[in-house]
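1. predicted model, plus sequence, below.
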Amino acid sequence: MGRVYGLHIMTKFTPTITRFAPSPSGFLHLGHAYSACFAWRQAQIVGGRFLLRIDDLDASRSRPAYEAALMEDLAWLGLTWPAPVRRQSQVLDRYRRALEALSDSGLLYPCFCTRKAIQREIAKAPQAP
């Protein structure tokens, strides 16, 4: 018999993988440190793996110095992760292929919203039913 996790019943062991994906656009702050520690600890509890993924798609703000500082701070906190660290910018071809597959399946649609319009919708979200 499998274990029940939420509404999903697992019938065989599925290794747990958690990840922390900071953007190297600034130094690690308390909220990010907490998230990283939480994800790392969850992986440890169930014998899973904790991955570090660098979300470096914002080329205008990402800096190697921030990335180095993030890794140093995480290591200081006692967190470990397998090498090599994946960077989002290194897997853009994978994302392009996924988008092409979705487009070929007719599952994409154009959005002509401006950032300002999207921000207005987000601001109205607390009043949504």
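-> Looks like it arrived, so ask away.

2. remind me, longest strand of this structure?
-> For the chain, the strand with the greatest residue count under DSSP state E is strand 49-54.

3. now find how far off-centre it is within its chain.
-> Chain-centre distance of strand 49-54: 9 Å, with Cα atoms, centre = their mean, to the nearest Å.

4. so Asp58 touches Pro22, yeah?
-> No - contact criterion Cβ atoms under 8 Å: Asp58 and Pro22 do not qualify, at 11.6 Å. Using the backbone N, CA and C atoms, a C-beta is placed for each residue, glycine as well.

5. of the two, who's got more company?
-> Comparing Asp58 with Pro22 by other Cβ atoms under 10 Å, the one with more neighbours is Pro22, at 24 against 12.

6. residue contacts, that one?
-> Taking Cβ atoms under 8 Å, 6 or more residues apart in numbering as the contact definition, Pro22 lies against Leu28, His32, Ala36, Ile54, Asp55, Leu70.

7. do that again at 10 Å, thanks
-> Counting by Cβ atoms under 10 Å, 6 or more residues apart in numbering, Pro22 makes contact with 28-29, 32-33, 35-36, 52-56, 66-67, 70-71, 73-74.

8. buried subset of these?
-> 28, 32-33, 36, 52, 54-56, 66-67, 70-71, 73-74 (16 or more other Cβ atoms under 10 Å).

9. just give the nearest non-adjacent residue to Arg86, would you?
-> Arg53 (4.8 Å; Cβ to Cβ, 6 or more residues apart in numbering).

10. ok so, going back, which members of the contacts of Pro22 occur in strands, if any?
-> The strands, defined by DSSP E, take in Leu52, Arg53, Ile54 from these.

11. the last one pairs with what?
-> Partner residues in beta bridges with Ile54, using DSSP bridges, are Arg87.

12. ok, now how distant is it from Ala33?
-> Remark: distance between Ile54 and Ala33 (Cβ to Cβ, to the nearest Å) = 16 Å.

13. just the second one next, same as before
-> Computed as Cβ to Cβ, the Arg53 to Ala33 distance reads 16 Å.

14. now Arg19
-> For Arg19, the distance to Ala33 (Cβ to Cβ) stands at 15 Å.

15. now swap in Gln119 and tell me
-> Computed as Cβ to Cβ, the Gln119 to Ala33 distance reads 28 Å.
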